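**Q** Predicted structure and sequence below. I'll ask about it afterward.
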Amino acid sequence: MALSLLVTENKVAGNMQNVILVDDDKTGTNLVKILLEMDGFRVTVCPDSERGKRAAMNGVDAFIIDCNLSNGDDGVDLLIEIRAGSTNAPTDIPIIMISGDDRRFQAAEEAGATVFLLKPYSTSDLSKELSKLLA
């Protein structure tokens, strides 16, 4: 008996859903980008908050933001800016916060994160969360 895999395309009004991944880990983000694209998402990778905000000018359906970025950049600060309306992204946009430090959960929750995933997380879990949030 052959094993089959069903992959559903995630689309909104005929277009792929746009996800911005803000994370400075090049290796990890490239893998996540490839796997999410295989699940039908369009993924823009940004290594810092400023580039994430600029990328949102082109339209975005969801964010995935690492809490701990390089050079003192804090992903929770970007989350706060989005929720406050200080970016071009909708204030109610789904935002998945990720971190290898479970102590960041409370700050992310208080700032308005939709979901918090602890690294290392399963990319299939991430894809499922995105699909649920964007359904």
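**A** That came through, no problem. Numbers count the residues shown, from 1 in each chain.

**Q** and Ala84, what is it in contact with?
**A** Going by Cβ atoms under 8 Å, 6 or more residues apart in numbering, Ala84 touches Thr91. All C-beta spots, glycine's among them, are computed from the backbone N, C-alpha and C.

**Q** Show me where this protein has its helices.
**A** With DSSP state H as the criterion, the chain has helices at 26-38, 49-56, 75-83, 105-111, 123-133.

**Q** what sits up against the longest one?
**A** In this structure, residues lying in contact with helix 26-38 by Cβ under 8 Å, 6+ apart are Val7, Val19, Leu21, Asp23, Val43, Val45, Pro47, Ile64, Thr123, Leu126, Ser127, Leu130.

**Q** Which residues belonging to that helix are considered buried?
**A** Of the residues in helix 26-38, Gly28, Thr29, Val32, Lys33, Leu35, Leu36 count as buried by neighbour count, 16 or more other Cβ atoms under 10 Å.

**Q** how far away is the fourth one from Asp23?
**A** Using Cβ to Cβ, to the nearest Å, one obtains 10 Å as the distance from Lys33 to Asp23.

**Q** Next, show the common contact partners of those two.
**A** By Cβ under 8 Å, 6+ apart, the residues touching both Lys33 and Asp23 are Val45.

**Q** by contact count, what packs against the strand ranked longest in the chain?
**A** Criterion DSSP state E: the longest strand present in the chain is strand 15-22. With contacts defined as 3 or more Cβ pairs under 8 Å, 6 or more residues apart in numbering; DSSP states H and E, the packing partners of strand 15-22 are helix 26-38, strand 41-46, helix 49-56, strand 62-66.

**Q** Now do the first one: distance to the chain's middle.
**A** Taking Cα atoms, centre = their mean, to the nearest Å, one finds the center of helix 26-38 at 11 Å from the center of the full chain.

**Q** Now it - C-alpha only, PDB.
**A** Only the C-alpha atoms of helix 26-38 are listed here, as PDB (Å, rounded to 0.1, in the frame of the first residue of the first chain):
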ATOM      1  CA  LYS A  26      19.800  32.700   8.900                       C
ATOM      2  CA  THR A  27      20.000  28.900   8.900                       C
ATOM      3  CA  GLY A  28      16.800  28.400  10.900                       C
ATOM      4  CA  THR A  29      14.800  31.000   9.000                       C
ATOM      5  CA  ASN A  30      15.800  29.600   5.600                       C
ATOM      6  CA  LEU A  31      14.500  26.100   6.600                       C
ATOM      7  CA  VAL A  32      11.300  27.500   8.100                       C
ATOM      8  CA  LYS A  33      10.700  29.600   5.000                       C
ATOM      9  CA  ILE A  34      11.200  26.600   2.600                       C
ATOM     10  CA  LEU A  35       8.800  24.400   4.700                       C
ATOM     11  CA  LEU A  36       6.100  27.100   5.000                       C
ATOM     12  CA  GLU A  37       6.300  27.800   1.300                       C
ATOM     13  CA  MET A  38       5.800  24.100   0.700                       C
END
